[in-house]
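[1] sequence unknown, structure follows:
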């Protein structure tokens, strides 16, 4: 009898030590939940990159990133700190809320656009980029109306994948 109790205790202890990897819940195409009627922003997160598309910006931002348990780590080449991190606070099928760990520790609410992200196709990047831009334009027209005038340069977004680098950071250091 005592062997069974010890065995159950060990089993419970092992099960409770298992960490949940929620990083897959952040992968997707998201729109920033913003009630602003004069702008529209989307974020594409995949396992290696993050892309920020904004209707008012000339070019999208594309950065190396890494998903780690409940964190999204982003390589900020031009900002300090060099690695920015967002912690997944809560998630559902259609929404995630993340808390920025540096700067002003803001909460960011993202609404899912697509259930399956078209992973960045580095082999066929030109076609992937065209589809990404045309899909983005359609959603901007829906949100901001057909009268919204895109900067002519939005048709020829000039962005390339950054050279892939591994983000070296210990997760304990950002908590």
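    Now that the structure is in, tell me what you want to look at. Computed from a prediction, not measured in an experiment: that's the story for all the values here.
[2] Could I get the full set of helices for this structure?
    For the chain, the helices defined by DSSP state H cover 2-17, 125-144.
[3] Please point out the stretch among those with the lowest average pLDDT.
    Per-segment mean pLDDT for the helices of the chain reaches its minimum on helix 2-17, at a mean of 62.
[4] what does the model give residue 18 for pLDDT?
    49.
[5] ah, wrong one, I meant residue 121
    Model confidence at residue 121, given as pLDDT, is 66.
[6] Same check on residue 107?
    If you check residue 107, the pLDDT there is 86.
[7] Now it. Nearest residue, chain neighbours left out?
    The spatial neighbour of residue 107 that comes closest, neighbours along the chain excluded (C-beta to C-beta, 6 or more residues apart in numbering), is residue 99 at 5.4 Å. Where C-beta positions appear, they are placed from N, C-alpha and C, glycine not excepted.
[8] What of residue 64?
    residue 75 (4.2 Å).
[9] Let me know how buried that neighbour is, in neighbour terms.
    Number of residues near residue 75 (other C-beta atoms under 10 Å) recorded here: 19.
[10] start the count at 628, not 1, going forward
    I'll keep to 628 as the first residue from here, and by that count the last item is residue 702.
[11] what is it paired to in the beta sheet?
    For residue 702, the beta-bridge partners are residue 710 (DSSP bridges).
[12] unless I'm mixing things up, it is touching residue 690, no?
    Yes. Counting by C-beta atoms under 8 Å, residue 702 touches residue 690, with 5.2 Å between them.
[13] what about the strands in the protein?
    Secondary structure of the chain by DSSP state E: the strands cover 655-659, 668-672, 676-681, 688-695, 698-702, 710-718, 722-727, 734-741.
[14] which residues touch residue 724?
    With contacts defined as C-beta atoms under 8 Å, 6 or more residues apart in numbering, residue 724 is in contact with 715-718, 734-737.
[15] try 6 Å this time
    Residue 724 is in contact with 716-717, 734, 736, counting by C-beta atoms under 6 Å, 6 or more residues apart in numbering.
[16] per-residue confidence at the nearest residue to it once chain neighbours are set aside?
    Excluding the flanking residues, the one nearest residue 724 by C-beta to C-beta, 6+ apart is residue 716, at 4.6 Å. As predicted, residue 716 sits at a pLDDT of 90.
[17] what do you get for residue 740?
    Looking at residue 740, its pLDDT reads 88.
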